[in-house]
Each structure stands twice: as structure tokens, then as C-alpha cells.
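Novice: Everything below, folded, please.
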Amino acid sequence: MLPSLSSHISPSISPATAMETSTGIDKRPEPIDLSQHYSKTTKNRAASNIKQFYKYFTIPGIGNLAGGMPYVNNFPFDTLEADAALPQRFTPTPNRPVDPPTAPTSATKLSDPISSSRVVVPKLSDNDDILRKIDLKTALQYGTAQGYLPLYTFIRQFTIENLHPNIPYKGGPEIILTCGSTDGFSKTLEALTNTWNEDRDEIGYKEGLLVEEFCYINAIQAARPRGLNIVPVALDDEGMKAHGKGGLFDVLKNWDKSRGKRPHLIYTVTVGHNPTGGTLSIQRRKDIYAVCVMFDVIIVEDDPYWYLQYPSANPSNPNRTLSQKHQTQTGLSDQATCTPQKSSGYPFLDSLVPSYLSVDYQGRVVRLDTFSKTVAPGCRLGWITTQPNLCERILRITETSTQQPSGFVQSMIAEMIIGPHDSTHGRGGGENAGGWQVDGWVRWLEGLRGNYERQMQTMCSILEDGKELVKSGTVRSLDDEWSVVDKVPLYDFVWPLGGMFVWVHMNFETHPLWKKTTPDKLAMALWEYLTTRKYLVLVMPGKILAPTDEIRAAKGWAFFRLCFVAVDEPEVAKSTRRFVAGVQDFWRKKRLDDIEEISSQAIEAGEGMADLMGGC
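Specialist: Numbers count the residues shown, from 1 in each chain. The predicted model follows:
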């Protein structure tokens, strides 16, 4: 438990207390000491002297002449109000791959004719319970760095009791609210890595970050200025490989110390991987975790898509096409036969492949969550879940940097989900002025998954039907003339088991001009061709998502990333059909001059694509 929270947090929500109540004693192992991995700056950080005063501000009747806090009546906002969706807005899809939707491309529809509710955050609430007091007086004032107390308390309890009820270390984790996953990762980097300057520091002090060989590139751009080695690890359809050539064990076992220190930090997206769409199975997580224990590596699990897991994409689904290449029965099939030690209390959450936290018996996982995909990216709101000692260090970073996230956002989210203590002091997001509560929040997540799953099915079905170019011709023999049908494979892809993206591997070697130009020029010519007026489709080139120049040159040109959630389902279908038509038409081009002209126009445009890749 964070020191600054001890006077606020009810013992009833402590993971340690919950365990002791049910079993008499918490027999789980203590999380290990990670302080040897703290950066020099992090080790030197002390608690904010100003923030330590905040616990006294909540004493009833206190005459506060100490803090430089504006008077609430001078705030120009008297209420915050919004129409918010009811949690039943979207129709869910089934949780098990053996029970797929009967109409894979069925249109999204409302489940309830009353689709929204008025959410109101009042200026003042007379609720004496500071864990449930939601108003502008508290939300817009300076506050403690771990986050707005009502929202912090709700998320902490939801995280420990519902999202990750089987964390195997003693006492369980702590959380801290962030300004989204990018902010959470930035603070984690600051806490666990030292900056390195080649003009000042010896190579032996250079630290490293392990990432997938294609990854969310903003994480790389956050790490590279710190002077870190960016160390790619091989991928397969699931995600990061634990063993085999280029796998995690291979990279760490054969680390070349002339490059610097062996990396002690992994950044990974494990569900609906950005950009490849892979989802790590439970067994793969255990394998990677075992390697991390062996080499003392900390796992930063960025999981914005955890709720977006798609059972209908599993190859074991009888409604799926069986002709796809490179399929593996990963995550969801494992989970379908796995009964969690302790239920979340919700079949939907129990059906999801669990977090790395579920196997983290040493406390070496830092999990990043966000509201970006479940509410809106503009919220800039998320949270970190990790062992208490490391969370306390990140709290110290937060106290003197971002402090807590925006009070406007936190109060609106808190009022929508938690709701007021009575209807005379605000309105929540439920039908009767109360909040969604845990039941409603889980129902919203389940419905949102269903909405996105239908769009995934729409895109992948169209891609599946168009991945071969059918050519017909005739062959003459001495006596007869024969009709011949030739199928040219244009691309391969794996139906994503989660997330927002389809990772398409283009078979450029089957293009008529493959041997007459470079792969990169051919790829960029196709990318540009798809944006022309005839097709008007914008996709993400794989080379933008390669963490190193070597991977970019070797294979980045061979991939495109397609996002199926950025537009509504009808537009997904239209754009995907135009993508397929554009690819097929591009394969009919046989003049090198056409390719050279298109490619020369595309190279400059492609360099600006990094701004469009979508954040975690």
C-alpha cells in the first residue's frame, strides 16, 4: 500500500486483507526486490513535501491556511454534464469459440431503446465518504498523485477483485492512475532505466529495451532518446517467441556485452498485438516469464486491447475458413479449457486470456491499462498495476511531473461508472441516475468487444475471399485446346484473436515485376496506388512499425497493417473491398515504368505515416 494512501484506503479493499479473510493467512510469496533495476534518479527521489500535506486537507472542519489552493466558488464551472451511453448499448458476441455468432457480419444494433443517460457532476456534494464524494470541489482542486480518490478506489478494487483475482504474490499489487498508457510507459522507463550518452558514458553502462520485431513504434521513440539499445525479439502468430532462433532466450543467452548491458526490460503488447494482431497463450506467457526469471528481466505489459479478444477468430471455430496458412491455436483455445483458480465473478472476464500478472509470482510485471479503447483516446486516462514498492517509486515521479490526470476527465468517468450517493447530488450513467457500477462496466466492455468483433469478421471475410488472383487461359496440345485456371496468391494473413488490426503479408514475389525492381519500391508503389482516386484506401506500411533499420530493410516492406475499428461496419466493408480490388489490379501491372512513377510519388508521402499509426 502506498504510504500517502494509508489514511484513505479502507482495509476492506486491501488484497492482503481479502486473502487473510478467506484463508486465515496469505501464503503467497513476497514480491522480489527490484531496486537494483531502479534508475539513479529514481533511487534519489523523495516523497513530495507538499503532497504529504494533502492527507490533512480532508480533516473535517480544518482551517486550511497552508495550501495554495484556489477557493471552489471561484471555479467557473458549476456542473459538468454529458449524455452517456447505457452499458447495454451494444449486443455482445459469445465468449467461447465453440459457440460462434450465427451471423458473423450482422449489423451492430442497440440492445435497449433507451440508449443514453444524463451524467451530471455537481459543484458540491455533501457526501461525507471521501471514497464516494464526486464533485467539482474535489475533482478540480489539487490532489494526490495516485489519482482522484473515488476513481482510484474503484479501479483499484476492480483490478484486484475482478480483472486479476489470481495474482500470486503476497499482498497483491498497487495501482496508480496515469495520463494514458504512453504516460505510464514513460514513467516506467524513467523509473527503470538510466540515460546513456555516447560522448560521456562507457559502453558497459548502456542499457537496453527488448521489443517484438514489429511493435508499437511510439514506445521505441520514447526509449531511443534515452540512449537505450533497441533489441528485437522474433515473433510468430502468437507474438513474442520464448525459444528458438531469435527468441527471448536466444537473445539473452547470446548477448554481446560489447553492445552494453544485457537488457533487463521488455516492452510487449500481448493481446491483439500492435501491429500483428497476435495474442499470447497462457503457456507462452509462462515460458517467457520463466526466461525473465532466469535472466532477471522486468516485463512491461501494455494491454490496451485486453477486453477485445475474439473467440470467433480461433481456428477451432467451425464457421472459420480452413484454408488459411500459418494458423496456430493460441490464447483463446487454451483459456477455453482453463478454469481460473478464483473467478472474476463475470463469465466474460473469465473467458479472456489472463494477464502476465496471473503468472507473476515474483512481482516483475508492470501492467499498463488505458481508457483509450474503452471510452476515448482523448480521455488521456489509464493506470499502472505493479508491485507496491515499484508503484511507490512511480508515484514519486508523478508527484513532480504530471501529478494526477485531468480532474474534468476523472470526475466524469467516476460519475458515469460509480454514480452519486443520491440523485440530489449528481447523476450517474445508469438508467435511474445511479452509476454503471461493476456490472454495467463489464457489460459495456462485453458489448464493445462484440461490436468490434463483428467488424473484424467483416474485414477478414472480405480479405479471405480476395487473397488470390484468378487467371484463366488456354493451352493447346496436338489435338485439343484446354482451358487453364491459375490462382496467384496475393497475400496471407491470420485472423486476429484480439485487438484492432489485421497484419497482411504481401506475396510480392508473385508479382510480374518482382525481379525487375526492388521490394521496397514495389511495396511503396502499391501503397501509393491504393490511395489514388480509384481506390482511396490508406493502410499502414509495415516498415513504419519496424523497431530497427535492419528489420525495416529485411522485411518491413512485406507487410501492411489494416485497422477495422476506425470506421463503422459498412465503411469497413467498402474500404476492404477497395483494398482487395486495388491489390488485384496492381498485380496486373506489367510495365516497369508504371511502378517507377508510382513509387517516386510514394516515398515522400510514406514518411509522414507515423502520425497515423494509432496509439496504445
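Novice: Moving C-terminal from the lowest-mean-pLDDT helix or strand in the chain, which element do we reach first?
Specialist: For the chain, using mean pLDDT, DSSP states H and E, the weakest element among its helices and strands is helix 331-336, scoring a mean of 40. Counting by DSSP states H and E, the next helix or strand C-terminal to helix 331-336 is helix 347-351.
Novice: Distance from that following helix to the middle of the chain?
Specialist: With Cα atoms, centre = their mean, to the nearest Å as the basis, helix 347-351 stands 18 Å off its chain's centre.
Novice: what packs against it?
Specialist: In terms of contacts (3 or more Cβ pairs under 8 Å, 6 or more residues apart in numbering; DSSP states H and E), helix 347-351 is packed against helix 331-336, helix 437-465. For glycine as for every other residue, the C-beta is placed from the backbone atoms N, C-alpha and C.
Novice: In terms of mean pLDDT, which of the ones you listed ranks lowest?
Specialist: The minimum mean pLDDT among the helices and strands packed on helix 347-351 belongs to helix 331-336 (a mean of 40).
Novice: isn't Thr385 right next to Gly172, touching?
Specialist: No - using Cβ atoms under 8 Å as the test, Thr385 is too far from Gly172 to be in contact (9.5 Å).
Novice: Go through whichever strand or helix holds Val119 and flag the buried ones.
Specialist: Using DSSP H and E, Val119 maps to strand 116-122. The neighbour-count check on strand 116-122 (16 or more other Cβ atoms under 10 Å) flags 117, 119-122 as buried.
Novice: what about the closest residue to Gly499 other than its chain neighbours, is that helix, strand or coil?
Specialist: Spatial nearest neighbour of Gly499, excluding adjacent residues (Cβ to Cβ, 6 or more residues apart in numbering): Gly272 at 1.7 Å. Following DSSP: H, G, I helix; E, B strand; the rest coil, Gly272 is assigned to coil.
Novice: what do you get for Ile551?
Specialist: Here Ile551 takes the helix state, with states given by three-state DSSP.
Novice: now Ile288, nearest residue through space, not along the chain?
Specialist: With Cβ to Cβ, 6+ apart as the criterion, Ile288 has its nearest non-adjacent residue at 4.7 Å, and that residue is Ala242.
Novice: That neighbour is in contact with Gln283, isn't it?
Specialist: No - Ala242 is beyond contact range of Gln283, at 9.3 Å (criterion: Cβ under 8 Å).
Novice: Between the two, which is the more surrounded one?
Specialist: Taking neighbours as other Cβ atoms under 10 Å, Ala242 and Gln283 compare with Ala242 leading, 22 against 14.
Novice: Flag every buried residue along stretch 545-558.
Specialist: Residues of stretch 545-558 classed as buried: 545-548, 551-552, 555-558 (neighbour count, 16+ other Cβ under 10 Å).
Novice: Then stretch 370-390?
Specialist: By neighbour count with 16+ other Cβ under 10 Å, stretch 370-390 contains the buried residues 370-375, 379-390.
Novice: and if you look at stretch 449-467?
Specialist: So, applying 16+ other Cβ under 10 Å, buried residues of stretch 449-467: 449-464, 466-467.
Novice: in the stretch 451-600 of the chain, which spans are strands?
Specialist: Per DSSP state E, counting those that start in this stretch, the stretch 451-600 of the chain carries strands over the ranges 468-476, 481-489, 491-493, 501-506, 540-541, 559-563.
Novice: make that the stretch 151-300 of the chain, sorry
Specialist: According to DSSP E, counting those that start in this stretch, the stretch 151-300 of the chain carries its strands in the segments 174-178, 208-212, 229-233, 265-268, 298-302.
Novice: what about the ones you listed, which gets the closest to Tyr535?
Specialist: For those, the distance to Tyr535 is smallest for strand 208-212, at 30.1 Å, taking Cβ to Cβ.
Novice: Name the SS class of Val375, please.
Specialist: State at Val375, reduced to three classes by three-state DSSP: coil.
Novice: one step back: closest to Thr138 out of the strands of the stretch 451-600 of the chain?
Specialist: strand 559-563 (38.0 Å).
Novice: and the closest one, what does it pack onto?
Specialist: Applying 3+ Cβ pairs under 8 Å, 6+ apart, one finds that strand 559-563 contacts strand 501-506, strand 540-541.
Novice: Would you mind giving those as a markdown table with mean neighbour count and distance to Asp201 added?
Specialist: What follows is the helices and strands packed on strand 559-563, written out as a markdown table (neighbours: other Cβ atoms under 10 Å; distance: least, Cβ to Cβ, whole Å):
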| stretch | mean neighbour count | distance to Asp201 |
| --- | --- | --- |
| strand 501-506 | 23 | 37 |
| strand 540-541 | 22 | 35 |
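Novice: Can you lay out those strands as CSV showing mean pLDDT and distance to Ile62?
Specialist: Formatted as CSV, the helices and strands packed on strand 559-563 follow (pLDDT from 0 to 100; distance: least, Cβ to Cβ, whole Å):
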stretch, mean pLDDT, distance to Ile62
strand 501-506, 96, 52
strand 540-541, 94, 54
